[in-house]
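*Asks:* I would like the atomic coordinates for the input below:
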Amino acid sequence: MSTPAMPAVDGGEPPALTLPALTEGAELVGEFKNSGYREPAQLVSLPNRQLVRLPPLLFGVAKALHEHRDLAGGDVQQALDRVADAVSEEAGARLTAEQLVYVVDRKLAPLGVTTYSDGTPAKIVKADPWLALRFKVAVFPESFTWFIGGLFSWLFRPVVLAVMIAAFLVSEGWVLASRSMADALSLAIMNPVSILLVMALGVASCAFHEIGHATACRYGGVRPGTMGCGIYLVWPAFYTDITESYRLGRGGRLRADLAGVYFNAIFVIGLTLVYLQTGFEPLLVAVLYVNLEMIQQLLPTLRFDGYYIMSDLVGVPDLFKYIGPILKRALLRRPADARLNDLKRWPQVFVTLWVLTVIPMLVFQIGLITTQIPSLVAKDWWMMRRLAAEASAGAGALELLTSGLQILLLVLPLAGLALIFYGIGRRLVRWAVGYIRGPAPQPVPDA
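*Replies:* Below is the predicted model of the structure:
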């Protein structure tokens with residue numbers, strides 16, 4: 001068999017051929033269980049914990065290269081032949097050394113899975129999903145999330161789970177039907193200390209929510225990643241890296257998705273018990289606040305827990321990338337592209353219904369906020385003037401802090417709306433430029 005030919009660089013000698021290797025720090029995860037794809041999907045975890053989905057043949061090539069890594073440094077042609085033979089035996093179809101080099105250089109290396117055949121390391125391209133968390137800062141390492149997950153794992157035992165859910169339903173029924181709720185709201189609104197306390201308890205509930213995700217991962221037998229904070233659109237948010245949950249089946253992934261809301265429910269139980277002991281009415285407002293957090297998390301429109309629940313139910317990791325293909329097919333009557341054809345029949349129907357439901361909801365939400373812009377701006381300006389007047393009149397630090405936080409909460413929706421419009425506009429410009437330029441010559445096939 002002849003040695004695979006390598007293209008010359010700038011008209012000179014072709015680069016030296018080496019045995020490609022799995023990118024340092026990458027890990028072969030294996031089968032994506034209960035996926036919605038026609039062809040069984042295999043996952044590879046890159047050094048930045050980003051997951052790459054590969055068809056079986058490409059995964060087989062990466063696996064064979066890793067298993068035969070000890071051949072590096074020897075005869076390159078012989079090593080390539082042995083890897084090609086190993087892949088051929090597993091795939092049941094003949095793969096030559098030339099084809100192996102092509103697969104590596106044109107598909108695996110551009111995805112960051114392997115090095116190139118000339119030894120050049122692959123460039124890890126960071127994913128840029130739409131409406132994703134930005135500016136993430138890891139606060140607690142994996143060792144902490146593993147430890148904290150172990151402390152609370154007992155909460156997922158079936159008996160404990162059933163008791164907690166029953167206790168939450170009882171708490172909800174009693175607290176929300178309580179006549180004290182209106183009085184508690186009035187008291188909290190008039191008292192700056194109560195407002196700050198409710199907000200602090202809301203932040204604590206969000207942190208406990210993330211502990212729930214980490215705990216569910218450990219309970220399922222996979223290792224949770226770092227915990228930290230970032231910016232979602234313009235709102236500060238906590239996060240827990242639960243990428244490893246993709247090693248689990250559908251049930252395990254759904255448990256990890258729902259765990260945050262489950263821990264919010266436990267937080268509500270704790271607030272209710274404290275209220276019963278103290279009668280401190282702002283705690284009822286905190287219960288209402290946490291309930292609103294739970295409802296927000298279950299919304300499927302943005303990348304909250306509800307979105308990931310939908311994603312794991314159907315077995316498709318990124319639902320947003322199907323918005324374009326589905327709208328083209330539904331509205332422009334164009335044939336389904338390869339991304340849709342890759343899905344099984346019922347996931348196609350599910351994702352189509354999700355897109356056709358979520359897009360009107362997003363448009364409605366954006367439109368609703370847009371119509372409120374004049375009143376939000378007017379209210380912001382009025383509160384800023386009031387804050388300045390209170391400061392000049394010698395208002396206390398707590399009053400000033402509370403007013404400042406209220407102004408911030410009114411400004412954030414405006415900033416979030418501006419960023420959404422900016423993101424949509426940037427994508428439309430990219431699409432228009434790409435459409436005008438036409439397809440790029442010799443595109444790299446997508447794995």
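
*Asks:* residues contacting the residue lying closest to residue 262 once chain neighbours are set aside?
*Replies:* Nearest residue to residue 262 in three dimensions, chain neighbours excluded: residue 212, at 5.8 Å (Cβ to Cβ, 6 or more residues apart in numbering). Every residue, glycine included, has its C-beta placed from N, CA and C. Applying Cβ atoms under 8 Å, 6 or more residues apart in numbering to residue 212 gives the contacts 152, 259-264.

*Asks:* kindly report the same for residue 57.
*Replies:* So residue 57 contacts 87, 91, 103 (Cβ under 8 Å, 6+ apart).

*Asks:* residue 317 is in contact with residue 51, isn't it?
*Replies:* Yes - Residue 317 is within contact range of residue 51, at 7.2 Å (criterion: Cβ atoms under 8 Å).

*Asks:* the two - which one has more neighbours?
*Replies:* Neighbours were counted for residue 317 and for residue 51 using other Cβ atoms under 10 Å; residue 317 has more, 18 against 15.

*Asks:* quick revisit: which element is the residue nearest to residue 262 on?
*Replies:* helix 192-220 (DSSP states H and E).

*Asks:* now residue 136
*Replies:* Using DSSP H and E, residue 136 falls in strand 134-140.

*Asks:* where does the stretch 201-350 of the chain have low pLDDT?
*Replies:* Under the criterion pLDDT under 70, the flagged ranges of the stretch 201-350 of the chain are 332, 336.

*Asks:* in it, which spans are helices?
*Replies:* Secondary structure of the stretch 201-350 of the chain, counting by DSSP state H, counting those that start in this stretch: helices at 250-278, 282-297, 305-314, 323-331, 338-341, 345-371.

*Asks:* which of the contacts of residue 212 sits closest to residue 55?
*Replies:* Distances from residue 55 to these, taken as Cβ to Cβ, are shortest for residue 259 (31.2 Å).

*Asks:* just checking, residue 111 touches residue 52?
*Replies:* Yes - using Cβ under 8 Å, residue 111 is in contact with residue 52, at 5.3 Å.

*Asks:* if we can go back for a sec, now, which of the contacts of residue 57 lie within helices?
*Replies:* Taking DSSP state H as the definition of helices, the contacts of residue 57 contribute 87, 91, 103.

*Asks:* which of those residues are buried? Put it as a ChimeraX command.
*Replies:* To isolate the buried ones among those in ChimeraX, judged by 16 or more other Cβ atoms under 10 Å, type:
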select :87,103
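
*Asks:* the ones in helices among the contacts of residue 57 into JSON lines, with extra columns for pLDDT and distance to residue 300?
*Replies:* Converted to JSON lines, the ones in helices among the contacts of residue 57 look like this (pLDDT from 0 to 100; distance: Cβ to Cβ, whole Å):
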{"residue": "87", "pLDDT": "86", "distance to residue 300": "40"}
{"residue": "91", "pLDDT": "78", "distance to residue 300": "38"}
{"residue": "103", "pLDDT": "88", "distance to residue 300": "37"}
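
*Asks:* hey, C-alpha coordinates of stretch 104-120 in PDB?
*Replies:* Provided in PDB are the C-alpha atoms of stretch 104-120 (Å, rounded to 0.1, in the frame of the first residue of the first chain):
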ATOM      1  CA  VAL A 104      -8.700  12.800  10.500                       C
ATOM      2  CA  ASP A 105      -7.600  15.900   8.700                       C
ATOM      3  CA  ARG A 106     -11.000  16.800   7.300                       C
ATOM      4  CA  LYS A 107     -13.400  15.800  10.100                       C
ATOM      5  CA  LEU A 108     -11.900  14.900  13.400                       C
ATOM      6  CA  ALA A 109      -9.100  17.400  13.800                       C
ATOM      7  CA  PRO A 110     -11.200  20.400  12.800                       C
ATOM      8  CA  LEU A 111     -13.600  19.400  15.600                       C
ATOM      9  CA  GLY A 112     -10.700  19.400  18.100                       C
ATOM     10  CA  VAL A 113     -10.900  15.600  18.600                       C
ATOM     11  CA  THR A 114      -7.500  14.600  17.300                       C
ATOM     12  CA  THR A 115      -4.300  16.200  16.100                       C
ATOM     13  CA  TYR A 116      -3.700  16.600  12.300                       C
ATOM     14  CA  SER A 117      -1.700  14.000  10.400                       C
ATOM     15  CA  ASP A 118       1.300  16.300  10.300                       C
ATOM     16  CA  GLY A 119       1.400  16.500  14.000                       C
ATOM     17  CA  THR A 120      -0.200  19.900  14.200                       C
END
